[in-house]
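Visitor: Quick one: sequence and predicted model below, then my questions.
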Amino acid sequence: MLNPNLFKMPKIIIALDFCNKKSAMKLVNLLNPSIYYLKIGKEMFTILGCKFIKELHKLGFNIFLDLKFHDIPNTVFNATKAAADLGIWMLSVHASGGKKMLIAAKRALQSFKNNPPLLIAVTALTSLKEVELQEIGIQISLTEYILKLSKLSYDCGLDGIVCPGKEAKKIKFLLGNQCKIITPGIRISKDLLYDQNNIITPKEAKEFNIDYIVIGRSITMSKHPIKKLDLIVKSMQ
Ligand code: C5P
């Protein structure tokens with residue numbers, strides 16, 4: 001198995017999007033926890049809950065809890081605190097929840113002095129098209145929207161931004177290297193697009209100085225996930 005951590009390249013987060021534990025564990029058991037991070041999203045969390053996160057922790061994995069909190073500040077404060085209590089490595093909120101909500105999420109982590117989880121904000125979903133933005137009443141371009149929400153999130157003290165790959169370069173330029181960039185919508189040639197719209201290749205992710213790439217179906221739907229991961233790592237070298 002190739003180790004992406006040996007080279008300066010984006011670290012790989014596997015989106016563990018399965019409909020049952022058996023399928024998830026089949027993949028998890030193939031992965032080295034010192035190399036790959038795992039993302040637990042709405043599907044797995046709803047099916048398996050906190051217990052599953054504890055089991056993955058026991059196996060040595062760092063967990064990104066991607067529940068994209070978006071609610072009133074008080075609710076997000078309490079949910080963020082509860083998530084951090086699980087000992088996760090990273091969690092997400094929606095930047096469009098606004099300044100007060102973002103500050104509440106950040107404040108919730110103040111009591112976690114040793115090793116608080118990284119708090120990151122989703123700007124725009126990688127599945128979103130500009131026309132869909134207009135449909136919900138936002139009249140600026142997708143790029144402007146992403147840059148605006150990135151700056152807002154970073155100004156509120158968040159550690160990083162989830163954004164489509166194409167905007168990553170601009171965000172690093174605007175906010176500096178300290179702001180972590182996490183990018184889903186990663187595809188290599190011949191991969192199916194599924195519902196994603198704003199995609200980039202792993203090689204582009206490296207060129208754009210992205211810190212973490214999130215890969216889901218290219219791996220979870222693959223008959224040979226490790227071979228596929230090796231291919232992805234090789235393409236970034
Ligand atoms: O299967 P695929 O590689 O498209 O999976 C992408 C993963 O990243 C999914 O788990 C999805 O929920 C998540 N995600 C995303 N776009 C965002 C934020 C998270 O696709 N902006």
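Guide: Now that the structure is in, tell me what you want to look at. Numbers count the residues shown, from 1 in each chain.
Visitor: how about the longest helix seen in the chain: buried residues?
Guide: Using DSSP state H, we find that the single longest helix of the chain is helix 42-58. Within helix 42-58, the residues scored as buried using 16 or more other Cβ atoms under 10 Å are 44, 45, 48, 52, 53, 56, 57. (Each C-beta comes from the backbone N, C-alpha and C, glycine too.)
Visitor: is it true that the fourth one touches residue 21?
Guide: This means residue 52. Yes - between residue 52 and residue 21 there is a contact under Cβ atoms under 8 Å: 6.9 Å.
Visitor: Packing partners of the longest helix of the chain?
Guide: In terms of contacts (3 or more Cβ pairs under 8 Å, 6 or more residues apart in numbering; DSSP states H and E), helix 42-58 is packed against helix 21-28, strand 37-40, strand 63-69.
Visitor: Tell me how far the residue in the chain positioned nearest to the ligand lies from residue 129.
Guide: Residue nearest to the ligand within the chain: residue 216 (2.5 Å; Cβ to the nearest ligand atom). Residue 216 sits 19 Å away from residue 129, going by Cβ to Cβ, to the nearest Å.
Visitor: Tell me which of the two has more neighbours.
Guide: residue 216 (20 against 12; other Cβ atoms under 10 Å).
Visitor: ok, and the closest non-adjacent residue to that one?
Guide: Using Cβ to Cβ, 6 or more residues apart in numbering and skipping the chain neighbours, the partner closest in space to residue 216 is residue 15 (3.4 Å).
Visitor: Please state the backbone phi and psi of that neighbour?
Guide: phi -80, psi 110 (degrees, to the nearest 10).
Visitor: how far away is it from residue 24?
Guide: Residue 15 sits 11 Å away from residue 24, going by Cβ to Cβ.
Visitor: close enough to count as contact, residue 67 and residue 43?
Guide: No - contact criterion Cβ under 8 Å: residue 67 and residue 43 do not qualify, at 10.8 Å.
Visitor: one step back: looking at it, the residue nearest to residue 216 is touching residue 214, isn't it?
Guide: Yes - the pair residue 15 / residue 214 is scored as a contact, 5.4 Å apart, by Cβ under 8 Å.
Visitor: Common neighbours of these two, please.
Guide: Common neighbours of residue 15 and residue 214 are listed as 39, 184 (criterion: Cβ atoms under 8 Å, 6 or more residues apart in numbering).
Visitor: which SS state does residue 115 fall under?
Guide: coil (DSSP: H, G, I helix; E, B strand; the rest coil).
Visitor: Just the pLDDT for it.
Guide: We have a pLDDT of 89 for residue 115.
Visitor: backbone phi and psi for it, please?
Guide: The phi and psi values for residue 115, taken as degrees, to the nearest 10, are phi 60, psi 60.
Visitor: how close does it get to residue 13?
Guide: For residue 115, the distance to residue 13 - Cβ to Cβ - is 18 Å.
Visitor: Kindly report the same for residue 89.
Guide: 10 Å.
Visitor: now check the helix or strand containing residue 119, is it near the ligand?
Guide: Element membership of residue 119, judged by DSSP states H and E, is strand 118-122. Yes - using Cβ under 6 Å from any ligand atom, strand 118-122 reaches the ligand at residue 122.
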